[in-house]
Structures are given as structure tokens and as C-alpha cells.
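Asker: Here's my sequence, what's the structure:
(3 chains)
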Amino acid sequence: MHAAMNETALTARQIAERIGGRVEGDPSVRIEGIAPLDTAGPTDLTFAADEKRAARLAACKAGAAIVGAAPASAPMTLIRVDDVQLAVVKYLEILAGPEDVPPRGVDRTAVIASDAEIAADVAIGPFVVIGPGAKVGSGSVLCAGVRIGAAVEIGRHAVCHEGVVIKRACTIGDRVRIGPNSVIGHDGFGYHLVDGVHRKVPHVGIVVIEDDVEIGACSCVDRAKFGETRIGAGTKIDNLVQIAHNVQTGRGCVFAGQAGIAGSARLGDYVVLGGHAGVRDNVALGDGVQVAAFGAVAGDVPDGEAVGGIPARRAPEQKRVVLSVAKLPELFKRVKELEAKVRALESAKDNS
Amino acid sequence: MHAAMNETALTARQIAERIGGRVEGDPSVRIEGIAPLDTAGPTDLTFAADEKRAARLAACKAGAAIVGAAPASAPMTLIRVDDVQLAVVKYLEILAGPEDVPPRGVDRTAVIASDAEIAADVAIGPFVVIGPGAKVGSGSVLCAGVRIGAAVEIGRHAVCHEGVVIKRACTIGDRVRIGPNSVIGHDGFGYHLVDGVHRKVPHVGIVVIEDDVEIGACSCVDRAKFGETRIGAGTKIDNLVQIAHNVQTGRGCVFAGQAGIAGSARLGDYVVLGGHAGVRDNVALGDGVQVAAFGAVAGDVPDGEAVGGIPARRAPEQKRVVLSVAKLPELFKRVKELEAKVRALESAKDNS
Amino acid sequence: MHAAMNETALTARQIAERIGGRVEGDPSVRIEGIAPLDTAGPTDLTFAADEKRAARLAACKAGAAIVGAAPASAPMTLIRVDDVQLAVVKYLEILAGPEDVPPRGVDRTAVIASDAEIAADVAIGPFVVIGPGAKVGSGSVLCAGVRIGAAVEIGRHAVCHEGVVIKRACTIGDRVRIGPNSVIGHDGFGYHLVDGVHRKVPHVGIVVIEDDVEIGACSCVDRAKFGETRIGAGTKIDNLVQIAHNVQTGRGCVFAGQAGIAGSARLGDYVVLGGHAGVRDNVALGDGVQVAAFGAVAGDVPDGEAVGGIPARRAPEQKRVVLSVAKLPELFKRVKELEAKVRALESAKDNS
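Answerer: Down below sits the predicted model:
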């Protein structure tokens, strides 16, 4: 069974050439798609990234397999590579074909301010709205229903998927990708309570999304109170993620689904947040910090540290805490027994 | 006070006939809406699903009440049924009237690819976009601003509410309902780190939403890396829920608001996730598994088990842990006292 | 370095007049924007809300600073006020300039039902859809792509940002602001399981958003099963927040990002929910209750109480629990030592 969206029949030799591998076995086997070890059939490519999976190739029906050092042999054609995952990514790039985005040109239904600067080779879909003074760079794509605010600047080869909203004066870098219905640059959440009334704090700052950032669907990045909310180059953000006003992230961060970062938190490079994780406002996380899923970071974390738990602690400590908590009902019993024994000892002493 | 959106005056007899109940008392009382025990007035229907609530009918001003076995009598007309909740649902179905969706036909502003196959009796609202090769089945409804990607297939009598985005080649079953601004089939969250750069993993798979699934507002179901992300028939998904690439769910599952399921997790039939609950990637949950609100499932769970906590444990164990944790400060005191007593005993022994 | 979105050059004297402060030092210094203590330059205003920050003014390069009682003096012009935060808000209001919304009038692309009642001085952007019988009050703004359902009533000077969806018969008060892609009035999440099938509970109630409420981006407020879901006047709701059917909130509540409130919960006035916090269905929270970030409220909470944790406990108790949990691995050691000592004592006693 093959399961690729976009089938592209290639021989094992052609695939090996394009993903950078060496063929062992029949190079002419015809491959149409990719499938996991347990469901792959004769026209499928499969892959085994470690020895445990490589051992399963013996019983696999795939026409060819991408492998690393192991196994020595297998019943199908092998494409041997140094980095199996990278080779799989390269094969998926072959399968992927063109994106599901509007064709080059500007749809006749788009509403574009007369002074917006739109590069010649963009793709702008139906019902897109572009505000006064906005700029859209060469090769960028705005899918149906995207709304670009006044004075927004979008770089080159960026893609805004359907329903994305970018508010005034925000800056989007080159090759940035923003998923459907995400919102960039809405007001931060700030109020000042005066006589029982929450007075709105105007947010006059902007959002800067640096080059090569990718943001998923239904995620939000709020504009700064003043200055900038900044997402560092190459950072990847999943769906339903909340990034509050004035947050600063470094390069290459990874934020999983439903993570949230509160106002003015500062994150270093390559920080990873697991799903549902949270970072308190004004906290600083160093380079390479990793926060486990459901971790709630309430204080600064130095470079390279892994943390988890609510509130988040260093990972080895949190592991001990979790193990201890699980044995807690047992500990109560042990203390109760100790209390009885101590009473007995005390009573024996008193009677001696 | 009645509070129905869509008032429909009926006598108690007419209601009893339509919801399948027996009238006790005046069958001619005129009912216009439904209200809870404490606010219902003479033209309202109310209901009492258990004995405790039935006892409150004596002081209730409702014109009529849906009841089960209890009470024996009450001051208003009673409509006696076997399943009170089901009877209430049936009465709400009477009140509900037509949906707030576009009329049958295709709005003149919709942009539909010339080769899309649209059944004759659909309802397509303003500013809908339908891509090349897409199919929309008989009786289906696309509300204003829905964006259907290339080669998407939508079954019969499905409803996509305003702003829904469905990306390329995904399949939507019969009678599926998708809430406003939800996103189906955006790329999964996958990157391969090479030399400090997160290289995007192309997602060439699709999403399959089986028949009778309902999805709320602002929820996301990501497309598979390859193969399918699949939501089993009759599954119900609330608002702001995240379902990652390659997740497989069984039939009749229920996922409450802000729950999240990470990549390639496999869920059986009738799995229930509470609000804010999470499931780790690649984990398998058996049929009928129930995860409490805020539960974080980090490992496989067998059929029928209820779990909760972070990380999730079996419910009875988690209950003991929560109780133990609450008494933990007290335990510290008890241990401190024990230490003092043991020191005293040791000291007594040394001095004896 | 100044960082304001919308520069407005004013002298310190002009600023002091408009924000209600007294100038100390050169009143003619020209200010163009606002910046924090560490980055402010000669044309920036900065501010110091407490003594600790006031002490940092000595080394700050700002042209002027908003201060309270402290410091006695500083190297730049001072604007002395009673409430520093409020003065900053007032200055941000000066900087903010006009909003990024459509101009007054109705865009030619909007689709408006013939019997909708639209006040003369509204601003309705491109691709807005307004259903039959809807009303939009004086001075209100509907940004691009907003979808207003049948019989919805919107008050005066309300703003619905891009992509907002409001479903049938919901009521939106005066000066309400709803952020991009939020959804008001979609069906609540309710099903009745009959013979293995989840039968949909029709939601015939509505949502009432009272005056001066603000809602962020991608948040959801579900319509009532019957009756109303009601958001009290002046309540502020952040991004990605879920409010379920029949929830009732008081006045002036504040719900941070990714918080969730389950069905029929009742909240008093000025309730605060931290980020990722949750409230169980049917629970009642008194006036002024504060729930910490990631807190999961599972039972009623009386007026004025602060709670936190999963499940949520009173804040002082939760603080003790968190401290105790952190010391739990150490407690296990202490108990183990006690057990050894008690065994030794018992053994000594047996041998005596």
C-alpha cells in the first residue's frame, strides 16, 4: 500500500541519485511512494533508521528501503545513506510536488491599496486585502482571504496561508511561512486598573518575524507595547501557540502545539518548548533550554538546561520528584509503621 | 423567563408526542421554550433528570416538566419519559429551527475552479474558494469564507462553518460538521536539524475525516507526513484542539477544549480526553480510555482504563497521589517529630 | 533608540500637560517615542515606576522620564506623576494614532442582507458578510472578512477585527473589541450517547457580550444550550481562550492566554485566570478569585481567594505543597534513615 499524496514513479537508482545514496541490489525497481515498514508494498520505498528497525526489513514487503549502516542485507533493494532521516526528507521533497497555493499573479477579487508595493512575481489569491503602504516582496504568496495591514512589510518567497491576519507595520522576513488563520500583530494583553475599570494599554510596537521562521495554524504573536516582539530567524512554531507582547526569541527555536510564552519573556537560540508548555512573563531562558511538555517555567533558566514540571525544575530533579510522588502513598504507610514502632519503643523504655 | 433562540409554541400534548413521553396533568398547557428549574416560568418547559432535582419541582413555576420515574406528582403538567436527557435533546431539536447557514445555491461571489465537482443541491456562501479538482457532495454547506483546497473531497450533508480551511486532497465524510476558523490538513510540525538549520519535513500525506465527525471552532488537524491522519467515524472534537500529523483515532471519541494529541499517537474507539489534556507522540490508547482534564499521557494505556495527572497514572492511583500530596506538609512535620523521638530514644539507650 | 510605531514629536512640557504631570528640568526637550531604561536615547521618554528602577535613571540616556515620588533628581528632564503606569498608558494613547481598521463607510464588496440595520457612520471593510435581521450600531467597525450571523445585534463603537465570526442572534455590547479570527456563538460541545452514537445536543441559546469587553485573537465563546452564555461588562479575554456554553462571568474579569472555562461555570466579578488555567464545568468562583497560571479549578472557590495547582488549592497551601514536593526525594532519605535507626533500636531492645 502506498500512501503518498503526489505519486512520482522513479527507479531506485533515480531516487538514490537524487537523495545521495548508494544502491545495493536491483536498481531498476520502480517506486511510487513511501510507507512504513509494516504496510509497505512492492512499489513502496520504506526506511529503517536504526538497527532495531533494520531487523524488521527481513519481513517487510517494500520494493526498496533507505538504510544506514545496518542491515548488511535485506530482501529488497537497499539505498544506503549516512543520514536516514535526511534521506527520507529529500525523498518527501520529491513527492511533495507544487504547493496548494494560488497561481502566480493577482486574483481579480483582491483588494489592494493603491500605494501598496507589490513585487511583479507574487501570487495573491481571492479575497486577499492589502492595506495602505504595505510591501510584498518577490516570489511571496498570499493565499485566499489573507489580510495584510497598513505598512506591513513582507519579504521574499514568504507564504501566508488562508485567513492569516497581519496587523499594521509588522515585518515578515524572507521565506517565512505562516499557517492558516494565524494572527500576527494583534494588540498585546495589557490593562491598567483605575477605579475598577481596566483601561486598555495601547500597543504601539510591532512584531518582527525574522527570515525562515515557520508558524503553524491558529497561532498568535502579539505586537509589542512599544518596541518589538521578535521571533528569531529559523524559529519553528506549531499550531495554537500563543506568543505575547514584547517576547524576544533567539534563532532556531522550536515551540510545539499549544505552548504559550507570556509578555516580555526572552528566549535564547534553539530553545525548545514541548506541547502545552508555558513560560512566565519577563523570564529569561538561555540558549538551548528545553522545556518538557506541560512544563511551566516560572524563573530564569541558564543555557543548555532541560526543565520540566509545574513549576518547572531541572529535568533530573523533576524526574526524582515524579518518582517520589508516585511512591508517596507508600511513604505514608512507612511513616505510620515507624510511628507505631517508635511508640512501642518509647513505651518499652518507659516501662523498663 | 424563557430563553430559547427560536420560540415554537406547542402544547404539552404536542411536545409529548414529538419527544415520546406520556402526559400527566393538563395536556393543553402552552409551552414556548425551555428553562432550568430555578428560572422557568408558566410558558416554559423544565426538566428533572434525577430524584434530587425532581424534589425541586414542588417550588418551580414551570408550565410543564420532563421527568423520569420521580416525582410521583408535581404542581405542573408532567411529561414522563424513560431518558430525560434524550427527551430534552429532542425538544431542543424542535426549538432549534433552521441553521444559520447560507441558503441553497452558490453565492455569486464564490470562486470555484472550473473542474471542481459540486453537487446540484449544495449551499455555498459568499467569498468561498474551491480549488481545482475538489468535490462537494449533495446537501453539503460551505459557509462564508470557507477555503477548500485542490482535490479535497467533501461528502454529503457536511457543513463547514465560516472561515474553515481544508488543504489539498483531504477527505471529509458524510454529515461531518467543522466549526468556524478550524483548519484541516495544514502541514504537520516536523523538521530535521542539519548543521544548525531546521529543514522542513514535507508532509505529503492527507487527513481523512470519517462520517459523522464534528469539530468545533479554531481546532487544527494536521496532514500526515505520509499516509493519513485519520479521525474515526462519530468522533466529536471541541474548540482549540490540536491533532498532529499521522494521529489515528477510533470511532466515537470525544476530545474536550484545548486538548492536544501529538504526532502518530493511536487512539482506540470511544476514547475521551478532558479539557487541556495531552497525549504524547507515538503513544497508543486502547478503546474506552478516559483521560482527565489536564492529564498528560506519556505512555500506552490499555482498554477501558481511566487516567489522570501529569504524567498520567491510573485514576485510583492518581487519586491517592493527589490526596497524599495535599497531606505532604503534614507528613514533613510527622517525620520531624519522629526524628526527634528517635534521637531521644538513641540518646536514652546510649545513656543506659 | 526609539521604538514607537507612530512617532509624534512633543516637548516634555506638552507631554506633561497631556498626561497630567509636573515638569522638573528642561521643559523644551523634544521627545519622539518611548523606550525602556536600558535602551532609551536622547529623543526618548522612559519611565521608572519604583525606587529600584528610579535608581537606574542616573545611567540612563533618555531625554525625559516619567517618575513617581522617587528619585529626587536625575540627569534628564523629569515628569512627575502620581501613577506612573497610568501616565505611561496616557502617553501611549498619544503615540497610538488611528487604528488599522477600514475607513468609515461600507466597502463595495461587503455582502449585507437587505433587512440588516446598519447605522450610518459604521466602517465595514472588504468581504464582510452580514446576515438577515442583524443590527450594527453607530460608530462600529467590522474589519475585512468579518461574518455576522442572522439577527446578531452589535452595539455602538464596537470593533470586530479581521475574520471574526459571530453566529446567529448573539448580542455584542457597546465598545466591545473582538480580535482577529475569534468565534462567538458557535454551538456548545454537548452530546448524548444513545446506543453508541453521540447525538448532538442542539444549542438554541445565545451569547451575550456586555459593554466594554475585549477579546483577543483566536478565542472562542460558545452559545448556550438554552438561555445565555454571558460575558460581564469590562471583562478582558486574551488569545486562544475557550469559554464553553452557558458560562456566566461577572464584571471586570481577566482571562489570560489559553485559559479555558467549561460548561455552565459561574464566575463573579474581577475573577483573574492565569495562562493555561482551567475551570471545571458547573463550578462557582466568587468575586475577586485569582487562579494562578496552569491552575485547574475543580470545585467552588469563595470570594477573594487565590488558588493554584492541579487540582487547585488555596495559594498558601499550594505554596507549601510545592515546597514540600521539591524536598520529597530528601524526605525519602530521611525516612529510610529513620527506619534503619528504629531497626537498630528494636534490635538493641531485643538484645538487652
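Asker: and residue A:200, how far is that from chain C?
Answerer: 7 Å (C-beta to the nearest C-beta, to the nearest Å). For the C-beta atoms, the positions are set from N, CA and C on the backbone; glycine is no exception.
Asker: can you pull the contacts of the residue nearest to that residue when sequence neighbours are not counted?
Answerer: Once flanking residues are discounted, residue A:200 sits nearest to residue A:191: 6.0 Å by C-beta to C-beta, 6 or more residues apart in numbering or on different chains. Residue A:191 makes contact with A:198-201, C:236, C:254 under the criterion C-beta atoms under 8 Å, 6 or more residues apart in numbering or on different chains.
Asker: Spit out the contact partners of the closest residue to residue A:124 other than its chain neighbours.
Answerer: Distances taken as C-beta to C-beta, 6+ apart place residue A:106 nearest to residue A:124, at 4.4 Å, with adjacent residues excluded. Applying C-beta under 8 Å, 6+ apart, we find residue A:106 in contact with A:112, A:118, A:122, A:124.
Asker: and what of residue A:133?
Answerer: Applying C-beta under 8 Å, 6+ apart, we find residue A:133 in contact with A:113, A:115-116, A:150-151.
Asker: out of those, who's near chain C?
Answerer: Residues of those in contact with chain C (C-beta under 8 Å from any C-beta of the partner chain): residue A:150.
Asker: Would you mind giving the contacts of residue A:133 as a markdown table with pLDDT and neighbour count added?
Answerer: Converted to a markdown table, the contacts of residue A:133 look like this (pLDDT from 0 to 100; neighbours: other C-beta atoms under 10 Å in any protein chain shown):
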| residue | pLDDT | neighbour count |
| --- | --- | --- |
| A:113 | 98 | 15 |
| A:115 | 98 | 10 |
| A:116 | 98 | 17 |
| A:150 | 97 | 19 |
| A:151 | 97 | 20 |
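Asker: Save the contacts of residue A:133 as a markdown table, and put in secondary structure too.
Answerer: Formatted as a markdown table, those follow (DSSP: H, G, I helix; E, B strand; the rest coil):
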| residue | secondary structure |
| --- | --- |
| A:113 | coil |
| A:115 | coil |
| A:116 | coil |
| A:150 | coil |
| A:151 | coil |
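Asker: For residue B:59, state which of the contacts of residue A:133 is nearest.
Answerer: residue A:150 (59.4 Å; C-beta to C-beta).
Asker: mind listing what the closest one touches?
Answerer: Shown in contact with residue A:150 (C-beta under 8 Å, 6+ apart): A:113, A:131-134, A:168-169, C:100.
Asker: what's near enough to touch the closest residue to it other than its chain neighbours?
Answerer: For residue A:150, the nearest residue in space outside its immediate sequence neighbours is residue A:131; the separation is 3.8 Å by C-beta to C-beta, 6+ apart. The neighbours of residue A:131, taking C-beta under 8 Å, 6+ apart as the test, are A:113, A:116, A:148-152, A:168, C:100.
Asker: Can you tell me how far residue A:131 is from residue B:311?
Answerer: 47 Å (C-beta to C-beta, to the nearest Å).
Asker: which residues of the stretch 201-350 of chain A fall in helices?
Answerer: A:315-326, A:328-351 (DSSP state H, counting those that start in this stretch).
Asker: Format those as JSON lines; extra columns: mean pLDDT.
Answerer: What follows is the helices of the stretch 201-350 of chain A, written out as JSON lines (pLDDT from 0 to 100):
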{"stretch": "helix A:315-326", "mean pLDDT": "95"}
{"stretch": "helix A:328-351", "mean pLDDT": "92"}
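Asker: Please identify the most buried of these.
Answerer: Mean neighbour count, computed with mean count of other C-beta atoms under 10 Å in any protein chain shown, is highest for helix A:315-326 among these, reaching a mean of 16.
Asker: That one packs against which elements?
Answerer: Using 3 or more C-beta pairs under 8 Å, 6 or more residues apart in numbering or on different chains; DSSP states H and E as the contact criterion, the neighbours of helix A:315-326 among helices and strands are strand A:306-308, helix B:315-326, helix C:315-326, helix C:328-351.
Asker: And these: which comes nearest residue C:245?
Answerer: Of all the helices and strands packed on helix A:315-326, the one in closest proximity to residue C:245, counting by C-beta to C-beta, is helix B:315-326 (26.1 Å).
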